[in-house]
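1. Show me the folded form of this:
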Amino acid sequence: MELFLPITALIIGSVLFTMSFRMLIQANPNERIPQLWGRPARHPGRIYVIRAAAIGFLFLAVFELSGSIGYASVLLVALAGLPAWALNILHNRRVARGQHGQGAGQPA
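-> Numbers count the residues shown, from 1 in each chain. Below you'll find the predicted structure:
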């Protein structure tokens, strides 16, 4: 039961970080989003709030899990960022192909 709250915080942080990335993709449907460094053309302010909450939850999870699993808890932050990283890669590939966010059922 002592791992329930930190794991929940880790999941919430991951979901919030992924949501912020989804919002960034929606704000920039036709432009590539930098993978590591740089800033996209449009960056709505509400994304900062969502990312701050996500980072807060992730730090809380690492702090609480560090007593149980030690420094390996830091690796969980990297795992929590994988969904957002995958969204970024998929979006940039879609933009490179020229699909610009069209759904599967929509004609080109």
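2. Report the mean per-residue pLDDT for the lengthiest helix in the chain.
-> Longest helix of the chain, by residue count under DSSP state H: helix 72-97. Across helix 72-97, the average pLDDT comes to 91.
3. Pull out the buried residues from it.
-> Using 16 or more other Cβ atoms under 10 Å as the test for burial, helix 72-97 gives 73, 76-77, 80-81, 83-84, 87-88, 91-92, 94-95. For glycine as for every other residue, the C-beta is placed from the backbone atoms N, C-alpha and C.
4. Could you do stretch 19-39 as well?
-> Residues of stretch 19-39 classed as buried under the neighbour-count rule (16+ other Cβ under 10 Å) are 19-25, 27-28, 32-33.
5. For that stretch, report the contacting residues that lie outside it.
-> Contact with stretch 19-39 is made by 40-44, 46-47, 50-51, 54, 84-85, 87-89, 91-92, 95-96, 100-101, as judged by Cβ atoms under 8 Å, 6 or more residues apart in numbering.
6. rerun that using 6 Å as the cut-off
-> 40-42, 44, 47, 50-51, 84, 87-88, 91-92, 95, 100-101 (Cβ atoms under 6 Å, 6 or more residues apart in numbering).
7. Which of those residues sits closest to Ile7?
-> Taking Cβ to Cβ as the measure, Ile7 lies nearest Ala84 of the contacts of stretch 19-39, at 18.6 Å.
8. who's in contact with Ala42?
-> Just so we're on the same page, residue 42 is Arg rather than Ala. Residues near Arg42 by Cβ under 6 Å, 6+ apart: 27-28.
9. What separation is there between it and Ala9?
-> Note on Arg42: its distance to Ala9, by Cβ to Cβ, to the nearest Å, is 30 Å.
10. Specify which member of the contacts of stretch 19-39 is nearest to Ser14.
-> Nearest to Ser14 among these, counting by Cβ to Cβ, is Ala84 at 8.1 Å.
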